[in-house]
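# A predicted structure for the sequence below; I have some questions about it.
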Amino acid sequence: MRLRAVSFLVLAVLGTFSATAANAQDASPWTADDWNFQRSQPTENQPAPDKKQASPDNAASAPDALPESAMQTSAKQADSSSLDTQASLRPAEQIDSVSTPFGLSGLDNDNTDLWGRIRAGFALSDLDSPLVKEHEDWYSARPEYVGRMMERSQRYLFYIVEEVEKRGMPTEIALLPMIESAYNPKAYSTSHAAGIWQFIPSTGKNFGLNQNLLYDGRRDVIAATDAALDYLQKLYNMFGSWELALAAYNWGEGSVSRAIARNQARGEPADYLSLHMPPETRNYVPKLIAVKNIISNPAAYGLTLNSIPNSPYFATVKLKQHMDVALAARLAEVPLDEFVALNPAYNKPLVAGTGTGKPTLLLPVDKANNFSLNLENYDRPLSSWQTYTPRHGEKLAAIARHFGISLARLKELNAIGGHKKLAAAQTLLVPIARSGSTPSLAAHIPDAEPAREYALTGSKTTHIVAKGDTVPGIAKRFGITVAQLKTQNHLKSNRLTQGQKLTVLAAAKPEKASHSDARQGREAPVKGKRVTLAKTSGAAKHSSYVVKRGDTVYSIARRFNVAVNDLQRWNKLPTNYNLQPGNKLKNTPDN
């Protein structure tokens, strides 16, 4: 298959917003353990002035999750009857991609820092409410929380600012996901609102956000942003005030309209502060103004606002057919949590099912070209999964045996209740059987080091970060990839401090690679040959593992960050082999 790689002249957003504890241990939105292809709730609670409120990090009970309103007229999940035809799949063997960086118009903006650009677009009036001060105090007292929120937002903020400016909206609107979800794309409320903009199923459908077994458009960064801005523009046109439009986004347009009518009937003012509304909505706009004020002058609140480049963070890659999430992450050479953070709409371990055309991936701008090059040289099947419609009365256990998957995993993947035995009239996601044999279960956690395979010298070097050093520059100097350098030093971002010590395990020159490719830790692309992905560095620390009670092939693979099918191959395990305590397994390939 042939692809044309697209070059980019844009920088990845590296900035984050925090106080002195800029390197909080949980700055990354998730670890690999968070990725189970199920909608899950964040665990951190944020107290709020009103006892009914909680943090947007915990969208299940947050004031930032939408209340029952026109925005939440129905709390039912999309059921199997709503699955569109895209959810019915066949194994994909061919694929093509086109990469496009988002937001190139931003490069013409005079501000080189995104925060300066956002400040220049502020247009909302100050709000004369003591609630603004309460929320300012709350945020300023929790710099670690604010840091995590800003760490997440840096992936999406440039794109959203671009879209807000195209519509002539105040740039405060780009900060609204900080109130709705703390920019957590996995946020999911008790009212079934999902994504950074917190759409419920019914409102999402009204604004064109498809939802099915494989894909939830409410979590799609591009689609949900477009829908949210459409809705906010509609509300502004209805009420002629951004404060009332924001109240309606939270409370519902019908509720705001009735509150206005009641005040007008009594001859009272009908502005935002004069309306009687629930505590959550009463706090909604003050919270947004508080965040705006902090961004306007972070030093006044004891916080530090690190620079964010005024350039795109991600590019789009349009696929012609579906492929495994884990494989896509590995071909793009990005950690799985980063891949999922950019592509949270795919509910299952498969990129498919959008219902609006071929799937689209978002990738960091400096990785989209890598993806294209790696995909061009990858000649194995792209998908390990397919959909299956059970026959009437067919038992789940029989389906699991037929497709070589455990019953528990089948239920987990398809959100089936624990005691259910018969398959309902729903489409199931199951592994693909190849060449008539029972399939092995593909790993859902890709290798921790998605780089090319090469030999290491075995010698460690300590590098002291000097002024002007960058992670890519250091990696290039020692002939390893950025991902390898970050993994070796447990770096969660590309931020470095002068004087910081880095341990570097330098790479030998790869076989059959050019000198320039060797310095970047890459195997030179060879037309028609399969790309060899590196084994995880975590697994290399252990050569064998003794099985303990309760262990499964899948749990052991996750423990050592290796693929399930690799673990089975190294140990010559049949697909349905039952491990016994005391079994000794290799967790690295033979040399």
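The structure has been received and is ready for your questions. Residues are numbered from 1 along each chain as shown.
# Lowest-scoring secondary structure element of this structure by mean pLDDT?
None of the helices or strands of the chain scores lower by mean pLDDT, DSSP states H and E than helix 515-519, at a mean of 32.
# Ala483 against Pro335, yeah?
Yes - using Cβ atoms under 8 Å, Ala483 makes contact with Pro335 at a distance of 7.2 Å. Quick note: C-beta positions are derived from backbone N, CA and C, even for glycine.
# which element follows the least confident helix or strand of the chain toward the C-terminus?
strand 544-546 (DSSP states H and E).
# List of residues touching that next one?
Ile556, Arg559, Phe560, Gly582, Asn583, Lys584, Leu585, Lys586, Asn587 (Cβ atoms under 8 Å, 6 or more residues apart in numbering).
# Relative to that strand, what are the paired strands and their orientations?
strand 584-586 (antiparallel) (DSSP bridges).
# what's the distance between Asp469 and Ala475?
Computed as Cβ to Cβ, to the nearest Å, the Asp469 to Ala475 distance reads 11 Å.
# Between these two, which has more neighbouring residues?
Higher neighbour count among Asp469 and Ala475: Ala475, with 23 against 17, using other Cβ atoms under 10 Å.
# Tell me the pLDDT of the more buried one.
Predicted confidence (pLDDT) at Ala475: the value is 78.
# How about Phe37?
The model's pLDDT for Phe37 equals 30.
# What is the burial count for Gln233?
Counted with other Cβ under 10 Å, Gln233 comes out at 15.
# oh, I was asking about Ser307
Using other Cβ under 10 Å, Ser307 has 15 other residues around it.
# Over to Leu246?
So Leu246, with other Cβ under 10 Å, has 25 neighbours.
# What are the contacting residues of the helix or strand hosting it?
Element membership of Leu246, judged by DSSP H and E, is helix 242-251. Helix 242-251 is contacted by residues 66-67, 69-71, 123-124, 127, 170, 172-173, 176, 231-232, 235-236, 238-239, 255-256, 260, 271-272, 275, 277-278, 280-281, 284-285, 288 when judged by Cβ under 8 Å, 6+ apart.
# Where does pLDDT dip in the stretch 51-200 of the chain?
In the predicted model, the stretch 51-200 of the chain carries pLDDT under 70 at residues 51-110.
# same thing but at 50, please
51-88, 90-95, 104-108 (pLDDT under 50).
# next one: the stretch 401-550 of the chain
434-459, 507-542.
# Just the strands from it, written as ranges.
428-431, 456-464, 501-507, 544-546 (DSSP state E, counting those that start in this stretch).
# now do the chain
17-18, 97-101, 304-305, 314-319, 323-324, 350-351, 360-364, 385-388, 428-431, 456-464, 501-507, 544-546, 584-586 (DSSP state E).
# Can you give the strand pairings for the fourth one, parallel or anti for each?
The one in question is strand 314-319. Strand 314-319 is paired, per DSSP bridges, with strand 97-101 (antiparallel), strand 360-364 (antiparallel).
# which of the residues in that strand are buried?
Phe314, Ala315, Thr316, Val317, Leu319 (16 or more other Cβ atoms under 10 Å).
# Now tabulate those in a markdown table and tack on pLDDT and distance to Lys395.
Listed next are these as a markdown table, based on pLDDT from 0 to 100; distance: Cβ to Cβ, whole Å:
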| residue | pLDDT | distance to Lys395 |
| --- | --- | --- |
| Phe314 | 97 | 43 |
| Ala315 | 97 | 45 |
| Thr316 | 96 | 42 |
| Val317 | 94 | 40 |
| Leu319 | 90 | 35 |
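# Just the closest of these to Lys501, please.
Ranked by distance to Lys501 (Cβ to Cβ), the buried residues of strand 314-319 are led by Phe314 at 31.5 Å.
# Distance check, the closest residue to the closest one other than its chain neighbours against Ile222.
Of all residues not flanking Phe314 in the chain, Leu362 sits nearest, at 4.4 Å (Cβ to Cβ, 6 or more residues apart in numbering). Distance, Leu362 to Ile222, using Cβ to Cβ: 7 Å.
# Out of those two, name the residue with the larger neighbour count.
Leu362 (24 against 18).
# Quick one: residues contacting that one.
Val221, Ile222, Phe314, Ala315, Thr316, Val317, Leu342, Asn343.
# Most widely separated two among those residues?
So, the contacts of Leu362 by Cβ to Cβ: farthest apart are Val221 and Val317, at 13.7 Å.
# neighbours around Met169, how many?
Using other Cβ under 10 Å, Met169 has 19 other residues around it.
# Confirm for me that it is in contact with Leu229.
Yes - applying Cβ under 8 Å, one finds Met169 in contact with Leu229, separated by 7.0 Å.
# ok, what's across the strand from Leu505?
Counting by DSSP bridges, the residues bridging with Leu505 are Lys460.
# What separation is there between it and Gly473?
17 Å.
# more crowded one of those two?
Using other Cβ under 10 Å, the more surrounded residue of Leu505 and Gly473 is Leu505, with 16 against 11.
# Surely the more buried one touches Thr487?
No - contact between Leu505 and Thr487 fails when scored by Cβ under 8 Å: they sit 10.0 Å apart.
# what's around Arg330, how many residues?
Arg330: 25 neighbours (other Cβ under 10 Å).
# gap between it and Ala345?
19 Å.
# same deal with Leu485?
30 Å.
# Who has more neighbours out of the two?
For Leu485 and Ala345, the more surrounded residue by other Cβ under 10 Å is Ala345, and the numbers stand at 29 against 24.
# Just give me the neighbour total for Ser555.
So Ser555, with other Cβ under 10 Å, has 12 neighbours.
# tally of neighbours for the closest residue to Lys467 other than its chain neighbours?
In space, Lys467 comes closest to Gln498 once its chain neighbours are excluded; the distance is 5.4 Å by Cβ to Cβ, 6+ apart. Residues within reach of Gln498, counting by other Cβ under 10 Å, total 10.
# who's in contact with Gln498?
Neighbour list for Gln498: Val465, Ala466, Lys467, Asp469 [criterion: Cβ under 8 Å, 6+ apart].
# which pair in the residues you listed spans the largest distance?
Val465 and Lys467 (8.4 Å).
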